[in-house]
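**Student:** let me see the structure of the following:
(2 chains)
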Protein chains: 2
Amino acid sequence: MASDGLIPETRVLAIASHVVHGYVGNKMATFVMQSLGCDVSAINTVHYSNHTAYKQVKGTKTSAEQMLELYEGLQQSDLNSFDILLTGYMPSAQTVQAVGKIGRDVKLQAATKPGSFFWVLDPVMGDNGKLYIPEDEVPEYKSLLREADLILPNQFEAELLSDTTITDLNSLAAAIQVLHKTYQVPHVIITSLRLTRDNQTLSSRVASTTASGRQTPSESTGTRTDLSQSALDSAVLKEVENITIIGSTATSDHKPRLFRIDLPLLPLFFSGTGDMFAALTIPRLIEAVHASSTPDLASAPSWRSPDDVPATELPLAKACQKVLASMQSILGKTTELCQEKMAAYDVRAEKEGCGQGDEADAERQKKRHLALMNASEVKVVRYVKEMLYPPDLERFRPTAVEFEGHAR
Amino acid sequence: MASDGLIPETRVLAIASHVVHGYVGNKMATFVMQSLGCDVSAINTVHYSNHTAYKQVKGTKTSAEQMLELYEGLQQSDLNSFDILLTGYMPSAQTVQAVGKIGRDVKLQAATKPGSFFWVLDPVMGDNGKLYIPEDEVPEYKSLLREADLILPNQFEAELLSDTTITDLNSLAAAIQVLHKTYQVPHVIITSLRLTRDNQTLSSRVASTTASGRQTPSESTGTRTDLSQSALDSAVLKEVENITIIGSTATSDHKPRLFRIDLPLLPLFFSGTGDMFAALTIPRLIEAVHASSTPDLASAPSWRSPDDVPATELPLAKACQKVLASMQSILGKTTELCQEKMAAYDVRAEKEGCGQGDEADAERQKKRHLALMNASEVKVVRYVKEMLYPPDLERFRPTAVEFEGHAR
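**Tutor:** Below is the predicted model:
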């Protein structure tokens, strides 16, 4: 990395949602990647006032035709050469198809130069057992997987794509193997797994989160803990739980090489963390590939490390370490600021009063939810330094994951 | 300014164009303001593949209804409190009206707290004697002026808005006085005036630029020198010309307090420099107002300095100094990189050949124009440091402008 913290010049095409207020989708990803020095071309798949976890939103969706027209605009002016494609939330099956056309065209141009194009696909489909896209979009995503170099599903999305129920580390490895082998995806990161305290078996996220009302549909994936006032208080008091990120780069015979990074779960609901993760991974992976001891890894197809590189030495693992160090720092600072803001909000609301009865209660709760959503927008513009120079790296060192049928 | 280079937390609503590729409109302004720590909410007035100086573009315009709907989305979720409104390119008279509605609503909420809201209006209407918006948009802009705290017209736009032909510094002062007095605009910056060598009379930019084909319509204002290969070569060789920026903050009796900053004209066509100027001015002005020796200037209406503050000591002048230092550095680096890229392009094009005849020539010229437009996109993501820490500040020190009827 250069002394200014920037990676070498990189042209990214980012296709995801735009929100006027807040930081999810392309609003998050564009700034994150630009801050690390990437030249980002952004096609916006929706134009919304805010993210959907506010529970109310206005705006419009981009049609597949409009997306293709924008890409044709790039084509006609020789502006469609890209090093990286990042695709996120798509509002319909048709727009996934359009992304497929666009991606294949960009890829075709780079076909003669292995390693010169890399597709990061965030299959934004749902979370916690719930789809938040139309059902006919799922098979479209499946047919897109073969084109991707790296995918970043959450646990639910990984289950959907691999048709494998994930209940423990062995079934997780099996799901990743399906993605590596059946769908030929070289790199996979499963974001935000919730493991039980012994860190060996998975607690179903669906079961553990439904009670706290985290099912809000949203175009952004990530760490979710939507907290009411009482839950916020108790979350601060109760023991810190861990969240686990699992990554893998396939061997030449499509076997997973699994690494994991555990980090404390923050007592807050965030939107856009999935988008932030994907966006930060891109420059960090490029950096790790160029720093790799494997000769010419940057010109190997999909930057796939040779079989003798162990899981924890994979560029993907090194990238994840930096990404999580940056994110944990920024999300931690966001949490502190949010708690201060909400404490002030509650004092103000208490003073103002607001009438009695069910209707007034509902209105009060709605207002508080909106304030909490706003206060928990990731403070990414205030902490660029933490993105450029990830702090406390050692805390996020990846470890190898053993599983049944593991060759090593 | 904090040690991290960021200004205090500032909420900006930015209403301007979006381009997939390149850096004009909101694509430029959002990144610039975010890099200095502003939380930017962005309503995009068009969704284009690229800026219009490429001479071909695909995409769609946002309707006035869609803009208002996005703002209603913010309203219903209590997300419409802003410290700053920045408005740029609007594709129709109706969208200017919509911006008026939005701006007046934001302003109304801040009415009880003078200085807590500031509207920066970039009246993007045309350049070099040519309108590039529908004619019925001009009166709409005029009726919006009264709401603005700072406007940044170019010479042509200043003439249109003030109904005053600008031929020398006295007529320039007269035009600015109309803006201060008739339209009650407290702060004005005239970007990119071309003065003759004696720096006292203005050469008409229309006359001096038509010959070199700089009339390409574009939603972004700024320094324009669209150069053919031969012109590029000769421009590098010929003596450096100056460009002049004039700013003024009105006194209590609406008299201009004029300052100027001269800088060498770079031998390159840039798009988006007007947007960059406006976006950088916002954090720099906030900073200068807070650093001002005038007590409580930040809570004075429109941050207007008392009459005893001379032109060169105005916060506006100090802001412009930093803005231009940053811009000159970044545009200079962009120019160097562009010249390298175009030299390589020309070698490649020469080798490849391309057939004979008028049609082949036209195709060659078109291809070269597209490559030049791409190579001259402002390299803003690579030089954030130059935005945070403006270099060579002394070179851009503002000087006072004397004119007829000048009281001092």
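**Student:** what about A:Ala360, how many residues close to it?
**Tutor:** 12 (other Cβ atoms under 10 Å in any protein chain shown). In short, each C-beta sits where N, CA and C put it, glycine included.
**Student:** can the secondary structure element (helix or strand) that it belongs to be said to contact chain B?
**Tutor:** Element membership of A:Ala360 [criterion: DSSP states H and E] is helix A:357-375. Yes. On the criterion Cβ under 8 Å from any Cβ of the partner chain, helix A:357-375 is in touch with chain B at A:Lys367, A:Leu370, A:Ala371, A:Met373, A:Asn374.
**Student:** of those, buried ones?
**Tutor:** Buried members of the residues of helix A:357-375 next to chain B, counted by 16 or more other Cβ atoms under 10 Å in any protein chain shown: A:Leu370, A:Ala371, A:Met373, A:Asn374.
**Student:** contact partners for the first one?
**Tutor:** In other words, A:Leu370. Counting by Cβ atoms under 8 Å, 6 or more residues apart in numbering or on different chains, A:Leu370 touches A:Tyr54, B:Ser77, B:Asp78, B:Leu79.
**Student:** if you set the cut-off to 7 Å instead, what comes out?
**Tutor:** A:Tyr54, B:Ser77, B:Asp78 (Cβ atoms under 7 Å, 6 or more residues apart in numbering or on different chains).
**Student:** just the third one next, same as before
**Tutor:** For A:Met373, the set of contacting residues under the criterion of Cβ under 7 Å, 6+ apart consists of A:Ala53, A:Tyr54.
**Student:** coming back round to it: can you turn the buried part of the contacts of A:Leu370 into a PyMOL selection?
**Tutor:** To isolate the buried ones among the contacts of A:Leu370 in PyMOL, judged by 16+ other Cβ under 10 Å, type:
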select buried, (chain A and resi 54) or (chain B and resi 77)
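**Student:** contact residues of chain A facing chain B?
**Tutor:** Listed as neighbours of chain B in chain A under the rule Cβ under 7 Å from any Cβ of the partner chain: A:4, A:6, A:20-21, A:31, A:34, A:37-39, A:41-44, A:47, A:49-50, A:54, A:56-60, A:66, A:69-70, A:72-74, A:76-79, A:370-371, A:374, A:381-382, A:385.
**Student:** just the helices in chain A please.
**Tutor:** For chain A, the helices defined by DSSP state H occupy A:25-35, A:64-76, A:93-109, A:137-145, A:155-162, A:169-181, A:205-210, A:229-237, A:273-291, A:315-352, A:357-375, A:384-388.
**Student:** make CSV out of those and add mean pLDDT.
**Tutor:** CSV is the format used below for these (pLDDT from 0 to 100):
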stretch, mean pLDDT
helix A:25-35, 98
helix A:64-76, 98
helix A:93-109, 97
helix A:137-145, 96
helix A:155-162, 95
helix A:169-181, 95
helix A:205-210, 28
helix A:229-237, 37
helix A:273-291, 97
helix A:315-352, 96
helix A:357-375, 94
helix A:384-388, 96
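**Student:** so of these, which one's packed in deepest?
**Tutor:** Mean neighbour count, computed with mean count of other Cβ atoms under 10 Å in any protein chain shown, is highest for helix A:25-35 among the helices of chain A, reaching a mean of 28.
**Student:** so which residue is dead centre in chain A?
**Tutor:** A:Gly274 (2.2 Å; Cα atoms, centre = their mean).
**Student:** do you know how far that residue is from chain B?
**Tutor:** 20 Å (Cβ to the nearest Cβ, to the nearest Å).
**Student:** cool, A:Leu160 as well?
**Tutor:** 30 Å.
**Student:** so what's that residue up against?
**Tutor:** A:Met125, A:Val138.
**Student:** ok, A:Gln76 next?
**Tutor:** Contacts of A:Gln76 by Cβ under 7 Å, 6+ apart are B:Gln56.
**Student:** 10 Å - rerun?
**Tutor:** For A:Gln76, the contacting residues are B:Ser49, B:Asn50, B:Tyr54, B:Gln56, B:Val57, B:Lys58, B:Leu370, by Cβ atoms under 10 Å, 6 or more residues apart in numbering or on different chains.
**Student:** give me the nearest residue to the second one, chain neighbours excluded.
**Tutor:** In this case it means B:Asn50. Distances taken as Cβ to Cβ, 6 or more residues apart in numbering or on different chains put B:His21 closest to B:Asn50, at 4.8 Å, once the chain neighbours are dropped.
**Student:** again with the first one
**Tutor:** Distances taken as Cβ to Cβ, 6+ apart place A:Gly73 nearest to B:Ser49, at 2.5 Å, with adjacent residues excluded.
**Student:** over to the fifth one?
**Tutor:** Once flanking residues are discounted, B:Val57 sits nearest to B:Tyr48: 5.1 Å by Cβ to Cβ, 6+ apart.
**Student:** wait, the one you found sits on B:Gly59?
**Tutor:** Yes. When contacts are counted by Cβ atoms under 10 Å, B:Tyr48 is listed as touching B:Gly59 (3.8 Å).
**Student:** overlap of the contact sets of those two?
**Tutor:** Shared contacts of B:Tyr48 and B:Gly59 (Cβ under 10 Å, 6+ apart): A:Leu70, A:Gly73, B:Ser17, B:His18, B:Val19, B:Val20.
**Student:** just name the closest of these to A:Leu131, please.
**Tutor:** A:Leu70 (27.0 Å; Cβ to Cβ).
**Student:** residues contacting the closest one?
**Tutor:** Contacts of A:Leu70 by Cβ under 10 Å, 6+ apart are A:15, A:41-44, A:62, A:98, A:102, B:19-21, B:47-50, B:57-60.
**Student:** follow-up on the earlier one: drop anything exposed from the contacts of A:Gln76.
**Tutor:** B:Ser49, B:Asn50, B:Tyr54, B:Val57, B:Lys58, B:Leu370.
**Student:** hmm, the first one is touching B:Val19, no?
**Tutor:** Yes. The pair B:Ser49 and B:Val19 passes the contact test of Cβ under 10 Å, sitting 7.0 Å apart.
**Student:** what touches both of these two?
**Tutor:** With Cβ under 10 Å, 6+ apart, B:Ser49 and B:Val19 have common neighbours A:Ser41, A:Leu70, A:Gly73, B:Val57, B:Gly59.
**Student:** make a markdown table out of those residues and add distance to B:Ala325.
**Tutor:** A markdown table is the format used below for those (distance: Cβ to Cβ, whole Å):
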| residue | distance to B:Ala325 |
| --- | --- |
| A:Ser41 | 29 |
| A:Leu70 | 35 |
| A:Gly73 | 35 |
| B:Val57 | 32 |
| B:Gly59 | 34 |
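**Student:** quick one: A:Lys367 and A:Asp346, what's the gap?
**Tutor:** 11 Å (Cβ to Cβ, to the nearest Å).
**Student:** also A:Leu131?
**Tutor:** Counting by Cβ to Cβ, the gap from A:Leu131 to A:Asp346 is 35 Å.
**Student:** what's around A:Ser376, how many residues?
**Tutor:** A:Ser376, neighbours per other Cβ under 10 Å, totals 26.
**Student:** so what's it closest to, chain neighbours aside?
**Tutor:** In space, A:Ser376 is closest to A:Cys338, 4.8 Å off (Cβ to Cβ, 6+ apart).
**Student:** quick one: contacts for the residue nearest to B:Asn50?
**Tutor:** Applying Cβ under 10 Å, 6+ apart, the residues contacting B:His21 are A:11, A:13, A:39-43, A:70, A:73-74, A:77, A:79-80, B:27, B:48-51, B:54, B:373-374, B:377.
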